[in-house]
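**Student:** Have a look; sequence and predicted model below, questions after that.
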Amino acid sequence: MSLPIAPKPRLRRFHQARWDEPIIFELSTPGERGVLVPRPEPKVRDAVGDVVAALPEGVRRPTPPRLPEIAQMRVLRHYLRLSQQNLGADLNIDVGQGTCTMKYSPKVNEAVINTPKLADLHPLQAEASAQGVLEVFWQLERMLAEISGMDRVSLHSAAGSAAIWTNVAMIRAYHAARGEGDQRTEVITTIFSHPSNAACAEMAGYDVITIHPDADGYPDIDALKAAVSDRTAALLITNPEDTGIFNPRIREFVDIVHGVGGLAAYDQANANGILGITQARAAGFDLCHFNLHKTFSTPHACGGPAAGASGVSAELAPFLPGPLVEYDGDHFFLDHNRPQSIGKVAPFYGVTPNIVRAYAWIRALGAEGLRAVAETAVLNNNYLLKRVLDIPGASAPYASGRRRIEQVRYSWQELHEQTGVTSEEIGLRVADFGAHYWTSHHPHVVPQPFTLEPTESYSKDELDEYADILAEVAREARETPDVVRTAPHNQTVHHTHHDDLDDPERWAITWRAYRRKHFGEHP
Amino acid sequence: MSLPIAPKPRLRRFHQARWDEPIIFELSTPGERGVLVPRPEPKVRDAVGDVVAALPEGVRRPTPPRLPEIAQMRVLRHYLRLSQQNLGADLNIDVGQGTCTMKYSPKVNEAVINTPKLADLHPLQAEASAQGVLEVFWQLERMLAEISGMDRVSLHSAAGSAAIWTNVAMIRAYHAARGEGDQRTEVITTIFSHPSNAACAEMAGYDVITIHPDADGYPDIDALKAAVSDRTAALLITNPEDTGIFNPRIREFVDIVHGVGGLAAYDQANANGILGITQARAAGFDLCHFNLHKTFSTPHACGGPAAGASGVSAELAPFLPGPLVEYDGDHFFLDHNRPQSIGKVAPFYGVTPNIVRAYAWIRALGAEGLRAVAETAVLNNNYLLKRVLDIPGASAPYASGRRRIEQVRYSWQELHEQTGVTSEEIGLRVADFGAHYWTSHHPHVVPQPFTLEPTESYSKDELDEYADILAEVAREARETPDVVRTAPHNQTVHHTHHDDLDDPERWAITWRAYRRKHFGEHP
Amino acid sequence: MTEPFVHPYVPNTAPRTRAAMLEAVGATSIDEFYADCPPELRLDRPLDLPAPLLSETELVRHMDGLLNRNVSTREVLSFLGAGTYQHQVPAVVEEVINRSEFLTAYAGEPYEDHGRFQALFQYQSLMAELLNMDVVNVPTYDGFQATGTALTMAGRLTGRQQVLVVSDVHPDKLAKVRDYVRPYLDLVHITSRGSGADVDAVLAHVSKNAEIVACVWVETPSYHGAVETELRRLADAAHEAGALLVVGTDPIGLGVLAPPADLGADIVCGDIQSLGLRQWYGGAHAGFIAVHDDPRFVMELPSRLFGLASTTVPGEYGFGDVAFERTSLAIREDGKEWVGTAAALWGIAAGVYLALMGPAGMAELGETLLAHTRYAMDQLAAIPGVVLADDGVHLREFVVDVSGTGLSATDVVTTLRGRGIEPGVVVDEHRLLVCVTEVHTSQDIDRLAGEIASLVKETPA
Amino acid sequence: MTEPFVHPYVPNTAPRTRAAMLEAVGATSIDEFYADCPPELRLDRPLDLPAPLLSETELVRHMDGLLNRNVSTREVLSFLGAGTYQHQVPAVVEEVINRSEFLTAYAGEPYEDHGRFQALFQYQSLMAELLNMDVVNVPTYDGFQATGTALTMAGRLTGRQQVLVVSDVHPDKLAKVRDYVRPYLDLVHITSRGSGADVDAVLAHVSKNAEIVACVWVETPSYHGAVETELRRLADAAHEAGALLVVGTDPIGLGVLAPPADLGADIVCGDIQSLGLRQWYGGAHAGFIAVHDDPRFVMELPSRLFGLASTTVPGEYGFGDVAFERTSLAIREDGKEWVGTAAALWGIAAGVYLALMGPAGMAELGETLLAHTRYAMDQLAAIPGVVLADDGVHLREFVVDVSGTGLSATDVVTTLRGRGIEPGVVVDEHRLLVCVTEVHTSQDIDRLAGEIASLVKETPA
Ligand SMILES: Cc1ncc(COP(=O)(O)O)c(C=O)c1O
Ligand SMILES: Cc1ncc(COP(=O)(O)O)c(C=O)c1O
């Protein structure tokens, strides 16, 4: 064979890096060192003596921790190899992690934050020496207020769920302040709202009432009417829900809750398709939250650090966690004097690197850019919807024929009925093409689900590639189902047995537990 | 199957990442943008008008360059995927790139250099605002002088070969200054010295005489004696040579050349095993050079930027390229006033990032550490030698039974005679285990060669893994030679046909040439 | 209006592409997609945001302009701690966590995100060795959250409501914990002796309230840096009453200090910022919770737990979620508390950190910290009018009382800031919390002491 | 003596390992391995080097201490060019070249280093589009080296010896080239008109020396930033005499300027520092050489050339070295000049840069550079006593003559440095080379002009 090279086939012939690495403990060699630390200088030693020997009985560690001993380059190499065994949004067409808004995290923002001027600031240093970072906090609060229509925004929460918690804690404080703390014992949410809404409410001491969708996929308004009462503390709801269906009667939902004295909190983690289109406050919400790691581009970091922002109306503002950043026209400062505040929700002021990244992202786009983001996310989603619906066996339950906002929860139910292959199995086979999808949160209201959210970040070609992969795997499910059932084949590892993970006798959450339980080793 | 997991087999089951990426031009979509640049402000536009339209006839580009149009994330993704398809010394046990000293490039040095305080300095800015970097240059010169025993050191050269060129240019200038420029027309080198010694000498206008090894693998001293004359400008030689054999009569070699009025230049790119053990000056050399990207740990960067340092005796110092960094007890400054200098060998002062990395590396180790480096590199090499010689079919020609310094040129000749499998084929199969080796520079004086240099960076376990891979592939060469001959199997790409690369009618050095020659496309 | 632009972050705004896609889906305008959003909810104006900084040149210039107004702890001499600490962060740690693959991954399956699963399993395992406990979670948000959860776990496990707070706890942490546990637990304080718990008072309280105490909560080092030396007695007392011992700690000292589990702790929790994370203005925290491998305890953890699993290929390490059905992701409000995006990357960082440090690194670091702390205590206590709040064993932090100098703590801070030193955190009018770590040299500490001494000298008594 | 240590960079100094390895090879000491190094060559003392900085804390503190004594061009307003330029460097470029895999790779085979081969093939291909030429090398050290080689190629191709230097060339470049080509070529200068070559003089010389001229060497933009507008005539003259046209250029302008090949250039060369590399104190250069796909020319290139190749799998892009037998790596002194480690990573950077910029980016950048240059020329020329050395088309750089102000160029530089501005590079007593790029705003340029104007005002005429 010689030049020219034949055209590439339609689908890439992928193989994930496979290094077959041991567990890090297996790399240990006695005496090796990965890094050295500063040692007490002779002067200090002379002054203080042997501080370790001087520790009281029982306080001194009797034997060194059984950490591995590995030279620096080998540690590095091990983790670099592991990194290649991790897809990452930068590497793949990450539209399969629907509801997670896997958009591009611009590299320039990494360059911006990785400076000692940010990474090496102490939270309690003089405010005068932290004016830059304080201004970023202050400005981002104002931008998010504009985007949501809310009056004040807290940036303290470490993630979306943490922001939901913050909102629930403010709801609790609000009712308590009005003397209705004991009466308002119920929180209402919907089954398509993120599970953390229900779980945070429960953790805050509330009883949770869950509304299911009606036949069109909208949260059932009659169920809501039946659920509200003077026990209602709040409605926690998202819109669009993870189906990508926008609830046109959302204002009515809020009014119904307001009508009984409850508050309405908007889970705006799904805001990517509506930036600059509609504001939370327009629908009457009292509280809302954003995920900076979704809509505002901060990287997902293998599952955090993330960042959540809680926006509230003026009425709720006194309850915001502290401290808030204020500006006296001259200097930015931290206002700790907030008597009605729910207090601290995090050690200091929020996840600084993500707050700065989010600010930089908005500054790079401006209003016009944010609107382009929303519109393109929605265009991409409706385009992908079209491509997926063209695949025999795939469907998008509810609201059939209608447009979606930024994501869609799909179903392989038909394909499953025809072939017996499940959505989970299809997902594992998709991995063989260097892509992935997830099903969705439990419970699987949609049968054999998969959830796609293309965001604004992917080119049409990449959306087409993704749809082509799905079509190919669906074809395989009919024609060579065993290939699908035994997948993955081109991945770092092969089909994994999950049976031990739920058995307390056998599960191995750490290497030491594994060695103890399965090899009888005792430290 | 369930826990516990069976023990891992002796050799890792490797697969390199395979993304099957198109060529970047194939990713183009009209209208996409990868990055935006600052545009003239209205004020500027008003002042200068349409500067492009105003360009004279013929000066303005008639049609835009046919660069691809690709959004930022897609460009990033493409190159990240390519990066995973590149082994890199951080990722593999890179002992197979013998004579290249693939040692650990510490990550802390990357952190140190990646600051605007270095990356954003202009070479012509005020010396007063560059005191830090000037001091590093000055200090590194002194350290390399100490390591080599030389009097002055130039850091200008961009690589090892460039430093050889610099040395040859100084040799030429030296003889010219003594009125012997026309008489001294010959340079002597050895076949095991790097080809750049011969090539640079030739390029400088010299006739090259090459000495071959004697039966013991030492450069043939009688051949040298026969070669020298009053035409001899210099001897360019390395020691140990790429065989790892140290020439104990090196001082004699130098003396012979000095005896006829020639100079002796020591290629110290192989210095890793002799740091702190012996100095170039001790053997009488007039000039020497180091590769900072080998011995002093700066990363190899896919083949540069590198950095070469030329050390010379006081007698040769006037000929060093300019400017040199000097210190007046108070400030560091650039001395441009060097009338006998060969002038510029590079745009400014050398490859700054590598100069700073090399300095930091020496500072992290100190004298004791450098000696540990040398000793351990040598220990590792002799250990690996033992392991390789235990493989049936492998040998280490010359100096049999003797110790080697930091590397060995091995031979698969015996295995080849027995199986017909070549060293090159074995190398391709080694790639399937996530490692690699190269043969050596041409000409292959050693038949079926491969060259290993373990440096100080790898643990014993890793050297064992590497030896195990070689043993396994040697076994395959006997038992399943076809597996070896059709390798690689677990790599990014498969066996490649190299026939077109030497045919001017068909070679494709750029995408446009490929499209033109093989698809008849014309811009 | 700005010129129309195709933004590098939004490829499909390229006009031809946009048109082709609209056509493919049979829409004439983007607006059609918003049909469900009623007009009265629609924003009828552009968002009021600053003009975009379209080129990286403009963006970076703007951001640099802002951030250069900060002065970092590399530029001043800082003795600030109180929750966020300045430790050596090995470059390899940052190399690993800045890898695109780790930085931008989220929630792939154990197949395509095998690296993440293994890295976090290793984090759990490395922490487990340091703590001598068999189960460690994938990190939660921060030490505050971890503590809140550890205490509510104790409540759920014992079915009781009272938490005995026996150490000096950072007031902010206490505020967070109090609001967090409000529906389930009461915090009862037993004033500490400064250098540690008032064990006799704790014993007395526990024996009187044996039925209602859910747990004894110890912090070691305490808010004031004091190392609790009576853990074993506190554990015994708690256990005798059917209660648990919950210990909050910073693992940084565990190369030389006995792991709380060795002395009877049932749940150990805290923050891992010290283990390889920069300070980030207090924005880089992650919380750990460790328990023994007892399913009662494990099933109370809200966090994800990654465990080993076999694959169809012998010798291949697979991974998966252990007991996922515990979690709110699986069963919503019926799960334990909640779990969402947490602080995984910081866990990976801490894992790399511990792998680099090894037993010798942690032991040497612990020794350096103890020595530097003792040295700093001695130097400051030698200043006339300055006394140590207590003389217990301290790791990294201690409190000095400056009332004898005629100065307030704020005076000291204000003046020293003017001299390029952040001397510590004000605890109250006369007390200052000073923090030293391995990054300080004796010269640094001497300079602190010297500056305070000369300030004292300058001050009329 | 320091404590004995096992250095993190040198694993096998761990005592047990070292002993085991010595035993395995049957040696009793490391010293045995040095048996061939005679005693009289052995260093009998430790090297005289500063004590090691063993922890990263100490090392980083030391390095920061040094480097913080530098003041970067982000901190002052810099108009310095003359070979090294301050341009926008997209973050993606640095992300890619800092990837461990690219940064630390060297010379793997096209299989395991497929990424490197493809990235460099793409660099060659992207440059080729910008240059409208079919062959571009893997970068050599820098533009100086590239130029030296381009000229010697012309000598070898024509078998002649005379190089006509018709542009203003950077004196340092000339020094390097002169020494480099010494054995093969003579440089003959035809004084330029400032704004470009003196074409008539060149024509006259060429027609008189038709047999001996190897090439006409044009630099555009010249040392003074002047864009050569008569390339076509120079090419024709050279070709008519059987000579070649060698053009040195900075590809940064080729989004708006016609590629030299379109106007008859046979060999185009230069530096790619402008294409995505930071300034690095002048230490980040790389040289390109481009020719047409004519084997006579290709076979004269000393550098490596990566080309496409098929594999056993259809549709798989393989790569390899084109015509490797040309090189010194293959045939030593019989190869073309020499090749070794060069500047590959900078080539990858430039490739990423061009892929990001695309045609629109390069066109817009070119326009911005022309506009900023013209604006700066006008602003400075408006200062009394300051005149432009020539009023040709300039890209990025131009020369002003300040003799009319009573000041020397050095005066201007010295005074403005005191005001936080590097106004340019001194060319000679009264002339200053000023450089503006896209990173400058009109405000920056106005500030430069304003400061010079007020300096002029302050100066007694
Ligand atoms: C709609 C919605 N709400 C809340 C959350 C919870 O956010 P986090 O995972 O940051 O806790 C998510 C997470 O993706 C979400 O999609
Ligand atoms: C002994 C020796 N000399 C010279 C060189 C040439 O160095 P460079 O590749 O930097 O040009 C090398 C390269 O590895 C070498 O090993």
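**Tutor:** Structure's in. What do you need? None of the values given here were measured: they were computed from a predicted structure. Ligands and ions are numbered 1, 2, ... in the order given.
**Student:** So what are the structural domains in chain C, by residue number?
**Tutor:** Domains of chain C are assigned by automatic domain parsing as C:15-49, C:77-87+C:359-458, C:91-353.
**Student:** Can you say which of those domains is nearest to chain B?
**Tutor:** Set against chain B and scored by C-beta to the nearest C-beta, the domains of chain C come closest in domain C:91-353, at 3.8 Å. Backbone N, C-alpha and C define where each C-beta goes, glycine included.
**Student:** For the closest one, give the mean pLDDT please.
**Tutor:** Average pLDDT, domain C:91-353: 97.
**Student:** and the stretch 101-250 of chain A, which of its residues are near chain D?
**Tutor:** Contacts of the stretch 101-250 of chain A with chain D, taken as C-beta under 8 Å from any C-beta of the partner chain, map to A:P106, A:K107, A:V108, A:N109, A:E110, A:A111.
**Student:** which ones among the residues you listed come in contact with chain B?
**Tutor:** A:P106, A:K107.
**Student:** right, and out of the residues of the stretch 101-250 of chain A next to chain D, which lies closest to A:S2?
**Tutor:** A:K107 (38.8 Å; C-beta to C-beta).
**Student:** pretty sure that closest one is in contact with B:L76, am I right?
**Tutor:** Yes - here A:K107 lies in contact with B:L76, judged by C-beta atoms under 8 Å, at a distance of 6.6 Å.
**Student:** Ranking the domains of chain C by mean neighbour count, which comes first?
**Tutor:** Most buried of the domains of chain C by mean neighbour count (mean count of other C-beta atoms under 10 Å in any protein chain shown) is domain C:91-353; its value is a mean of 24.
**Student:** Pretty sure C:C215 sits in a strand.
**Tutor:** Yes - counting by DSSP: H, G, I helix; E, B strand; the rest coil, C:C215 is found in a strand.
**Student:** show me what contacts it?
**Tutor:** The contact partners of C:C215, by C-beta atoms under 8 Å, 6 or more residues apart in numbering or on different chains, come to C:151, C:154-155, C:158, C:163-164, C:238, C:243-246, C:266-267.
**Student:** now A:K117
**Tutor:** A:G132, C:L67, C:N68, C:N70, C:S72.
**Student:** Next, count neighbours for the residue of the stretch 351-500 of chain A found nearest ligand 2.
**Tutor:** Distances between the stretch 351-500 of chain A and ligand 2 by C-beta to the nearest ligand atom are smallest at A:T492, namely 34.2 Å. By other C-beta atoms under 10 Å in any protein chain shown, the residues close to A:T492 number 33.
**Student:** distance of the most centrally placed residue in chain A from chain D?
**Tutor:** For chain A, the residue nearest the mean C-alpha position is A:C100 (5.8 Å; C-alpha atoms, centre = their mean). A:C100 sits 22 Å away from chain D, going by C-beta to the nearest C-beta, to the nearest Å.
**Student:** Do I have it right that that residue meets C:G108?
**Tutor:** No - with contact defined as C-beta under 8 Å, A:C100 does not count as touching C:G108 (10.7 Å).
**Student:** For ligand 2, what's the nearest residue on chain A?
**Tutor:** For chain A, C-beta to the nearest ligand atom, closest residue to ligand 2: A:M73, 20.2 Å.
**Student:** Okay, and that residue sits in which element?
**Tutor:** Take DSSP states H and E as the rule and A:M73 turns out to sit in helix A:72-84.
**Student:** and the direction of that helix versus that of helix B:72-84, what angle?
**Tutor:** With axes from the mean of the first three to the mean of the last three C-alpha atoms, to 10 degrees as the basis, helix A:72-84 and helix B:72-84 are set at 130 degrees to each other.
**Student:** Show me how far helix A:72-84 is from its chain's centre.
**Tutor:** 26 Å (C-alpha atoms, centre = their mean, to the nearest Å).
**Student:** Briefly note if it comes near chain B.
**Tutor:** Yes - residues of helix A:72-84 are located near chain B by C-beta under 8 Å from any C-beta, namely A:Q72, A:M73, A:R74, A:L76, A:R77, A:L80, A:R81, A:Q84.
**Student:** Out of those, the closest to chain D would be?
**Tutor:** For these, the minimum distance to chain D (C-beta to the nearest C-beta) is 4.0 Å, reached by A:Q72.
**Student:** What is the burial count for the closest one?
**Tutor:** 28.
**Student:** who's in contact with C:R419?
**Tutor:** C:E451.
**Student:** With the one 3 residues further on instead?
**Tutor:** Residues touching C:E422, when contacts are defined by C-beta under 8 Å, 6+ apart, comprise A:H122, A:L124, A:Q125, A:A126, C:T73, C:V76, C:L77, C:S78, C:F79, C:L80, C:V413, C:L416.
**Student:** what do you get if the cut-off is 7 Å, keeping everything else the same?
**Tutor:** The contact partners of C:E422, by C-beta atoms under 7 Å, 6 or more residues apart in numbering or on different chains, come to A:Q125, C:V76, C:S78, C:F79, C:L80.
**Student:** Is it possible to get a markdown table of those that adds distance to A:I245, secondary structure and pLDDT?
**Tutor:** A markdown table is the format used below for these (distance: C-beta to C-beta, whole Å; DSSP: H, G, I helix; E, B strand; the rest coil; pLDDT from 0 to 100):
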| residue | distance to A:I245 | secondary structure | pLDDT |
| --- | --- | --- | --- |
| A:Q125 | 48 | coil | 98 |
| C:V76 | 54 | coil | 97 |
| C:S78 | 52 | strand | 98 |
| C:F79 | 56 | coil | 98 |
| C:L80 | 50 | coil | 98 |
